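Participant: The sequence and its predicted three-dimensional model are supplied below.
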Amino acid sequence: MASLKLSQIKKAYGSVEVLHGIDLDIRAGEFVVFVGPSGCGKSTLLRVIAGLEDITGGTLEIGDQVVNALTPKQRGIAMVFQSYALYPHMTVFQNMAFGLTLEKGTPTSEIDRRVKEAARILQIEPYLDRLPKALSGGQRQRVAIGRAITRDPQVFLFDEPLSNLDAALRVQTRIEIARLHEKMAGTTMIYVTHDQVEAMTLADRIVVLNKGHVEQVGAPMDLYNAPDNLFVAKFLGSPSMNILPATIERAGATTRVLPDGASAVDLPIATPHSIAGSPAHLGVRPEDLSLTDAPDAPFRGEVALTESLGEVTLIYVDIGRADEPFVAKLPGEVKIARGTHVALATKPQAMRLFDEAGQAIRLAMRRAA
Ligand SMILES: Nc1ncnc2c1ncn2[C@@H]1O[C@H](COP(=O)(O)OP(=O)(O)OP(=O)(O)O)[C@@H](O)[C@H]1O
């Protein structure tokens, strides 16, 4: 059980810096998920923590110890990779025992006990004598996780462990990883993924990375409901939050916003009078929109496309000058012809406001307070 402290962690490959000074505190026993678009640096950050990459600048502490100069083994870390990295000529038992057999002095009975305990936790006891080629992808990934468990690490690192699995197995293995974290209470886990469903469902806290910077850190629903900026607002949620360019018409105890191509909306957000007249962005999530006949509905346009997904229907509506159509996520099957004029309504408290630079205005107010 160990906490981690990252202070101004930098990583450069030659003259190209890919991590630009990451600060992060991870509590002992926490499940932290790094998410971000391809190339944002999440795998590099994980590999830096693991000791597979040198740190260019900053300090990494595990527990109370600065570990910058320690090898992966000395850091008390075990890593599970996307590619499983199992030895094909060794049985499941031998694969899981491999790290321990390398450690001189671990008695055979102790190795046996630890492998069987890990196999029990992961429900792979029936396969201990099989070779990896006789296992499914999901079973192989459980063996790779089991090999990490037997080493009794202080910190578990997962690098996109479910990427090679089909959709059903991904869900099943994801649930197993969540269970594993419960069973191994106290083990710190850091998990890299670009899949926001994995991030939302597994994480105690999510770290959203973008271009080698941290955009926001927080509990999944806090990030979803109160994104600090447009990047986080658009990254979490599928389909993404709808964004319309807008102007702040009136500031004060409540804020009147005029989105381009839509009618004015009053938001329950207090803003300083100085921002009246400023450009802004108005955000609303697809599931917060509904079809309406109300004459004062703010968002109106032509249906460009509908997609029936079974439990929901996505309706894409061309509104104003938005680059992309507005998406409404409506429950059940909604039949509506392309080209139909529709009006969309939402609750004022469901809308989010961002300044021209993309920072949440809620945040600007909190900082100013
Ligand atoms: N060995 C390397 N040499 C040079 N540049 C590298 C090296 N490894 C990674 N990079 C660069 O560092 C940046 C971050 O890469 P990284 O693999 O951490 O991204 P990622 O967020 O994990 O992306 P993905 O989801 O696509 O795996 C990228 O621009 C990548 O091209």
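Facilitator: Thanks, I have it.

Participant: Which residue ranges make up each domain of the protein?
Facilitator: Listed domain ranges for the chain are 4-233, 234-368 (source: automatic domain parsing).

Participant: For the ligand, find the nearest of those.
Facilitator: When these are ranked by distance to the ligand, counting by CB to the nearest ligand atom, first place goes to domain 4-233 at 3.1 Å. In this view, the C-beta of every residue, glycine as well, is placed from N, C-alpha and C.

Participant: ok, is the closest one in contact with the ligand or not?
Facilitator: Yes. Among the residues of domain 4-233, 13, 18, 36, 38-44, 194 lie within reach of the ligand under CB under 6 Å from any ligand atom.

Participant: circling back: columns mean neighbour count and mean pLDDT on top of the domains of the chain, output as CSV?
Facilitator: Rendered in CSV, the data for the domains of the chain read as follows (neighbours: other CB atoms under 10 Å; pLDDT from 0 to 100):
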stretch, mean neighbour count, mean pLDDT
domain 4-233, 18, 91
domain 234-368, 17, 91
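
Participant: distance between the ends of stretch 126-138?
Facilitator: Counting by CA to CA, to the nearest Å, the length from the leading to the trailing residue of stretch 126-138 is 14 Å.

Participant: which other residues reach that stretch?
Facilitator: Contact with stretch 126-138 is made by 84, 86-93, 95-96, 115-116, 119, 139-140, 143, 164-166, 169, 172-173, as judged by CB atoms under 8 Å, 6 or more residues apart in numbering.

Participant: For Arg300, name its beta-bridge partners.
Facilitator: Using DSSP bridges, the beta-bridge partners of Arg300 come out as Ala343.

Participant: residues contacting it?
Facilitator: With contact set as CB under 8 Å, 6+ apart, Arg300 has these partners: 262, 319, 341-344.

Participant: Of all pairs in those, which one spans the longest distance?
Facilitator: The most widely separated members of the contacts of Arg300, counting by CB to CB, are Ala262 and His341 (13.8 Å).

Participant: Give the closest residue to Gln74 in space, chain neighbours not counted.
Facilitator: Of all residues beyond its chain neighbours, the one nearest Gln74 is Val67 (7.4 Å), with distances taken as CB to CB, 6 or more residues apart in numbering.

Participant: wouldn't the one you found be in contact with Leu60 here?
Facilitator: Yes. Between Val67 and Leu60 there is a contact under CB atoms under 8 Å: 5.5 Å.

Participant: any idea where the helices of this protein begin and end?
Facilitator: With DSSP state H applied, the chain shows helices at 42-50, 92-102, 108-122, 137-150, 167-183, 196-202, 220-225, 230-235, 361-368, listed in chain order.
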